[in-house]
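In: What shape does this take:
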Amino acid sequence: MLMPNPSDSPRPLSRKLKGYAFDPSLSLKTDTSDFNEIIYKIPWEDNLHLGPKGEYLEIIDYDPTIKKPDGAYGVFYKGVDLNDPYILAEDGLRPSDSNPQFHQQMVYAVAMKTIKNFEKALGRKVIWREKAFSSSISKSYIKRLRIYPHAIREPNAYYSPAKRALLFGYFKSTPSEKQIHMPNSWVFTCLSHDIIAHEVTHAILDGLNLYYNEPTNPDVLAFHEAFADIVALFQHFTMPEVLKSQIARTKGNLENQNLLGQLAQEFGNAIGGYGSLRDAIGYFDKKEKIWKRIEPDTSEYETVLEPHKRGSILVAAVFDAFLTIYKARVADLIRIASNGTGILPDGDLHPDLVNRLASEAAKTAGHILNICIRAIDYCPPIDITFGEYLRAIITADYDLVDDDNNNYRLAFIDAFKRRGIYPKGIKTLSVESLRYQQILVSNKSEKVLNTITEFLKEYGRIMKFRSSRDKIFTLTKVYIDGENGEKGLHQKMYDEVYSNDNSAILTGIITKKAFNKYGINNGKHSQEPTFAITSLREISRIGPTGKKINQIKFSIVQTARLVFENDGTYRNKKKEEEYMRFRGGANFIFDLDSQSLRYSIRKPIFDSKDHTKLDEKRLKDQYDYQYDSEMNGMSELEKYFNLNRHTELQEPFALLHNH
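Out: Residues are numbered from 1 along each chain as shown. Below is the predicted model of the structure:
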């Protein structure tokens, strides 16, 4: 009998790697050690090199704080080889908080898991951030995000836009609960699933929208933090053993204290706080020494400004929506198991019931995570608010799921309402009011639309079967900037939109003619409100019921650079003057199947009643937020962001995460 050639063996679909479900501290507790060490199943990479270094990531393990025998500082740890046959045979290195190579394995596994969750929900490849696409900006492709597991010796971890890297810190603990964590023991942030997933999400979101770290209102920085927490939190539900253990412990009631709603347990305790760094569903009352459920408070959204605390309001709202949907989905199981009383008998749950409850929890959490990620495409490209995110969630779900049989949308609306989060500019808090409507184009704008439509149809045909990330990037740049005398999208928008007053309602930007019309200084050194195409991507998504949509999403952002006078008036900046950036624009979603513009999700730079004037209400709100002498009671963090608003902040997340 002929033996098969090893080269003929089918390519593996996934790579299995050991890691912590939460962090090393739970492996030292008898009630959590049995499920804390899990196997991450991530897509197989053929060209995975030492480091590891693959298609998306490059782990560089340099510790600048280690002193060498010659007195110099800085050590490179040897990169792990995940293709080593012994390592492959063991599903990766065994979890260890003292082995740098396992640290490298851990960050790689969780980062790749997070990336793939995004790609599944978004319907396209993840590409790391560069500056806005524009004909005036030289572009370079950032193939890999770099990860430094031991970059700093301090209780911090952050995404660095300047370095296109994740930097993880380590430090000696000063725990509040000594029976949980040994004082002065080393804590590595690169061994926490939640911290890794959180930081990778910051990097991905920054690549999707570079203006979401620009604090133009109190929600912007809070949204970045909340969104990263939401992704980390709901990834817990993809871990079967963790999920089953917590379902069994809470008897299916996930409103009770459990690990699934907590984030960064070890880190939180090691820096002197109780339990997790942030908690989505409850808190530990130090006075009464008990855990309590967080009750919704509609006043918090009006009063809480610190980004992490404000972000926790959004996280809690999303988690509340999940709990509502989960309880509805398992109500029949609870009735059967309790003989119709709804009260389960004393004792452990039957394993079959645990499995069924866990299955429903995982399915619900997966849907919630996908909706929350997809919603990013349905938000305005600048100055995001929590209320706009709710509208995006409703629209994103409506677009892919026709029948909301499990009332996902109503659950989100109710959860946001109970937290006092209401979108502006809607008449009622209903699905129909919240959902963005398909754009209706006037006859005056038809020429503009036809120009864009033909261009996007061609782009869709070219990109539909492209899977290489660098090829996607290169071709997209060509389609935006043009090549060999052919106009790109930027120039077409300039010709058909920037010079056409009738296009304002479609694009949300002010034309050159209108900008000069209302009295802004147009002297020798003045700058007109420039615009850029900040994204252009082809999308292919499949919903939970099998519905498939094929779309193109692109964004346009216009920037006015304004100088404010003492009397409150403003004018266009001149050279070297201090100024405030005021932006407007839109996200466009073009449907390839119907070949029509489905949505233009705008945050106009102009006034809603007069398209030749800036939106002075939003302009004043931003000015007051960034310039108010008392800084609106903002934290030192927010003051730093706003006082440095005229420069490109190189490390915004370093300060944001400096606990």
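In: What mean pLDDT does stretch 167-179 get?
Out: Stretch 167-179 shows a mean pLDDT of 79.
In: Which residue comes closest to F322 once chain neighbours are left out?
Out: I368 (5.0 Å; CB to CB, 6 or more residues apart in numbering). C-betas here are computed from N, CA, C, even on glycine.
In: Enumerate the positions of the strand or helix carrying the one you found that are buried.
Out: Using DSSP states H and E, I368 sits within helix 351-374. For helix 351-374, the neighbour count (16 or more other CB atoms under 10 Å) marks 353-354, 356-374 as buried.
In: For the chain, name the helix or strand with the lowest mean pLDDT.
Out: helix 636-643 (a mean of 53; mean pLDDT, DSSP states H and E).
In: residue ranges of the helices in the stretch 251-400 of the chain, please?
Out: 265-270, 300-303, 307-337, 351-374, 386-400 (DSSP state H, counting those that start in this stretch).
In: Need the winner for burial among those helices.
Out: With neighbours defined as mean count of other CB atoms under 10 Å, these peak in mean count at helix 265-270, which reaches a mean of 26.
In: Over that helix, what's the mean pLDDT, rounded is fine.
Out: 66.
In: elements contacting the longest strand along the chain?
Out: Longest among the strand segments of the chain by residue count, using DSSP state E, is strand 548-564. Applying 3 or more CB pairs under 8 Å, 6 or more residues apart in numbering; DSSP states H and E, we find strand 548-564 packed against helix 446-463, strand 530-542, strand 570-572, strand 580-591, helix 616-627.
In: out of the helices of the stretch 251-400 of the chain, nearest to T476?
Out: helix 351-374 (20.1 Å; CB to CB).
In: Could you check the angle the closest one makes with helix 307-337?
Out: 140 degrees (axes from the mean of the first three to the mean of the last three CA atoms, to 10 degrees).
In: what's helix 351-374 packed up against?
Out: By 3+ CB pairs under 8 Å, 6+ apart, helix 351-374 packs against helix 100-122, helix 219-235, helix 240-250, helix 307-337, helix 386-400, helix 408-418.
In: My read is that A151 contacts G169, right?
Out: Yes - contact criterion CB atoms under 8 Å: A151 and G169 qualify, at 6.7 Å.
In: Please name the residues that touch I439.
Out: 506, 597-600 (CB atoms under 8 Å, 6 or more residues apart in numbering).
In: let me fix that: M106
Out: Neighbours of M106 in contact, by CB under 8 Å, 6+ apart: 19-20, 95, 190-191, 196.
In: Spatially, which two of those are the most separated?
Out: P95 and I196 (14.0 Å).
In: still on that earlier bit, which ones among the contacts of I439 lie within helices?
Out: The members of the contacts of I439 that map onto helices under DSSP state H are L506.
In: of the contacts of I439, closest to V200?
Out: So of these, ranked by how close each gets to V200 (CB to CB), first place is Y599, at 27.8 Å.
In: That closest one - nearest residue in space that isn't next to it in sequence?
Out: Per CB to CB, 6+ apart, closest to Y599 is I589, 4.3 Å.
In: measure the spatially closest residue to N36 that is not a sequence neighbour to D610 for me?
Out: Take N36 and drop its neighbours on the chain: the residue closest to it by CB to CB, 6+ apart is L26, 4.1 Å away. According to CB to CB, to the nearest Å, L26 stands 59 Å off from D610.
In: who has more neighbours, these two?
Out: L26 (20 against 12; other CB atoms under 10 Å).
In: Now do the domain split for this structure, please.
Out: 11-219, 238-264+277-434, 443-622 (automatic domain parsing).
In: Worst mean pLDDT among those?
Out: domain 443-622 (a mean of 81).
In: so how far is that domain from its chain's centroid?
Out: 22 Å (CA atoms, centre = their mean, to the nearest Å).
In: re the thing from before, more crowded one of P95 and I196?
Out: I196 (30 against 18).
In: From the contact counts, what lies against the helix or strand containing E199?
Out: According to DSSP H and E, E199 maps onto helix 193-208. If you count contacts as 3+ CB pairs under 8 Å, 6+ apart, helix 193-208 packs onto helix 100-122, strand 157-160, strand 165-172, helix 219-235.
In: just to revisit the earlier point, will you turn the helices of the stretch 251-400 of the chain into CSV that also has distance to L489?
Out: Formatted as CSV, these follow (distance: least, CB to CB, whole Å):
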stretch, distance to L489
helix 265-270, 44
helix 300-303, 38
helix 307-337, 33
helix 351-374, 23
helix 386-400, 23
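In: can you tell me which of these comes nearest to V231?
Out: helix 351-374 (6.9 Å).
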